[in-house]
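1. Structure for this input, please:
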Amino acid sequence: DDEKLIIKKLPYKILKLYIPLLISFITFYIYQRIISFIQPGFCYWKQFTGRQWFFGGTLLGYFEGAGDLINGSTWFLVPTFYFYLISTIFAKYIKRRPFVGLLSMESTIFVLYLLDISNFKVIINACSLLWYLTIPVGGMIIYFIWKRQLKINEAFIVIIVNYLVMIFGIYRYSQNYITPDSYGISIIYAFFILICGIAFNHIYQPKGNKLISKLATLSYYIYLVHTPYGSHLMGILRPHVPYTIVFLCCVIFAFLVAVIHYHLCNKILILLKIL
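-> Coordinates of the predicted model:
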C-alpha cells in the first residue's frame, strides 16, 4: 500500500473484519434460541447473560479480562487490530527502511509491555495478547527477506529481537506455554512447511485458481462461525452418531453457514460503502 493512503484505509480495514464479527454473533444467538425452542433441553449457550453476549461479540470482554465466552476463537482479532494500528503507524518507515521500521515496531511492543508492568494500563487487560503481535511481525520479516530488502546481518538481528520480545511476552502473560518439552523439531517442521507454502505460491500462483481463490475469500467467515455452529451441532449429534461422521457433518455445516454469512455481510458492507 502507498503509505499516504494507509491511514485512510485503516478504519475500513478494521470494519471489514469487525462488522462480520458482530453479525456472526447476532445470527448465532438467533439460531441457538430457535433450536432450543424446537428441541428443549440442555444448551451450553443458555447459561450466558445478555451482557456476556454483548461483551463477547464486540470484543469488549477482552478489555475487562473476561474474554469471549460465547465463541472463544475470536481472541486473535484483538492482536490483529493492534497489528493493523502499529503497522500503519510505522508503514512509511517500513517501506523506506525495513530494518529500522521493523525494529521500531518491536520496540513499541516492548514499551507497551513495560507500561503494563508498571500498572499504567494503556490497553487495560488486553495487554496479555500483545505478544502475539510478534507472529505477524515475523511474517513481515520473512517477506522482506524473501524480497531481499533485508541484508543477512539485518535479518539476523530482527529475527533475534522478535524472538526475544515474544519470549518476554510469554513469560509475562502466558506461562502455560512454557513446558519442559523441547519444541525444536516442531519449529523446524513449521518453518519448513511455511517455506514450502511460499515456494508453492511463488511457482504456481494458486491465487489464479478459482477454487482456491473462493476458499481464501471464505476463510475469515469460516473462522468466525466454525466454533459456535460446529460445537452446537456436535452437541446434538454426538450422542447418536459416530464421531468421524459427526466431525465431517460439522465441517460441512460450518462451511455452508460461512457461505451464507459471506453473502449477507457483503451486502451489508456494500450498503455501508465499506467494500
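2. what about the helices in the stretch 151-275 of the chain?
-> Shown for the stretch 151-275 of the chain, the helices assigned by DSSP state H, counting those that start in this stretch span residues 152-173, 184-204, 210-237, 243-271.
3. so which of those comes closest to residue 111?
-> Residue 111 lies closest to helix 152-173 among those, at 10.5 Å (C-beta to C-beta). Heads up, the C-betas are built off the backbone N, CA and C, glycines and all.
4. and the closest one, which residues are buried?
-> 154-155, 158-159, 161-162, 165-166, 168-170, 172-173 (16 or more other C-beta atoms under 10 Å).
5. Relative to residue 148, which of the residues you listed is nearest.
-> Once C-beta to C-beta is applied, the member of the buried residues of helix 152-173 that ends up nearest residue 148 is residue 155, at 9.9 Å.
6. Which residues are in contact with the nearest residue to residue 168 once chain neighbours are set aside?
-> Residue nearest to residue 168 in three dimensions, not counting chain neighbours: residue 113, with 6.5 Å by C-beta to C-beta, 6 or more residues apart in numbering. Neighbour list for residue 113: 127, 130, 131, 165, 168, 169, 172 [criterion: C-beta atoms under 8 Å, 6 or more residues apart in numbering].
7. before we move on, the earlier item: quick one: which of the buried residues of helix 152-173 is nearest residue 39?
-> residue 173 (40.4 Å).
8. For the closest one, give its distance to residue 78.
-> Separation of residue 173 from residue 78 (C-beta to C-beta, to the nearest Å) stands at 13 Å.
9. shared neighbours of the two, anything?
-> Going by C-beta under 8 Å, 6+ apart, residues that sit against residue 173 and also against residue 78 are residue 129.
10. Surely residue 88 and residue 11 touch.
-> No: if you go by C-beta atoms under 8 Å, residue 88 and residue 11 don't touch, sitting 10.4 Å apart.
11. one step back: using CSV, please lay out the buried residues of helix 152-173 together with pLDDT and distance to residue 29.
-> Shown next, in CSV, are the buried residues of helix 152-173 (pLDDT from 0 to 100; distance: C-beta to C-beta, whole Å):
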residue, pLDDT, distance to residue 29
154, 94, 49
155, 94, 47
158, 96, 44
159, 94, 44
161, 96, 43
162, 95, 39
165, 94, 38
166, 92, 36
168, 91, 39
169, 90, 34
170, 89, 34
172, 86, 35
173, 85, 30
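12. ok, back up a step: next up, identify which helix or strand the residue nearest to residue 168 is on.
-> helix 98-117 (DSSP states H and E).
13. got the buried residues for that helix?
-> In terms of neighbour count (16+ other C-beta under 10 Å), helix 98-117 has its buried residues at 98-99, 101-103, 105-106, 108-110, 112-113, 116.
14. average pLDDT for that helix?
-> The predicted model assigns helix 98-117 a mean pLDDT of 88.
15. got the angle between that helix and helix 152-173?
-> If you take axes from the mean of the first three to the mean of the last three C-alpha atoms, to 10 degrees, helix 98-117 sits at 10 degrees to helix 152-173.
16. Buried ones in the helix or strand just after helix 98-117, by neighbour count?
-> Moving toward the C-terminus from helix 98-117, the next helix or strand (DSSP H and E) is helix 134-146. Under the neighbour-count criterion of 16+ other C-beta under 10 Å, helix 134-146 has 134, 136, 137, 138, 140, 141, 142, 144, 145 buried.
17. Over to stretch 12-29?
-> Buried residues in stretch 12-29 (16+ other C-beta under 10 Å): 13, 14, 18, 20, 21, 23, 24, 25, 27, 28, 29.
18. Could I get the buried residue list for stretch 79-90?
-> Neighbour counts using 16+ other C-beta under 10 Å place 79, 80, 81, 82, 83, 84, 86, 87, 88, 89, 90 of stretch 79-90 among the buried residues.
19. CA atoms of it as PDB?
-> Taking C-alpha atoms only, stretch 79-90 is exported to PDB below (Å, rounded to 0.1, in the frame of the first residue of the first chain):
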ATOM      1  CA  PRO A  79      -3.800  -8.600  18.400                       C
ATOM      2  CA  THR A  80      -4.800  -8.400  14.700                       C
ATOM      3  CA  PHE A  81      -6.300  -4.900  15.200                       C
ATOM      4  CA  TYR A  82      -3.300  -4.000  17.300                       C
ATOM      5  CA  PHE A  83      -1.100  -5.100  14.400                       C
ATOM      6  CA  TYR A  84      -3.100  -3.000  11.900                       C
ATOM      7  CA  LEU A  85      -2.700   0.000  14.100                       C
ATOM      8  CA  ILE A  86       1.100  -0.300  14.800                       C
ATOM      9  CA  SER A  87       2.000  -1.400  11.300                       C
ATOM     10  CA  THR A  88       0.000   1.600  10.000                       C
ATOM     11  CA  ILE A  89       1.900   4.000  12.200                       C
ATOM     12  CA  PHE A  90       5.300   2.600  11.000                       C
END
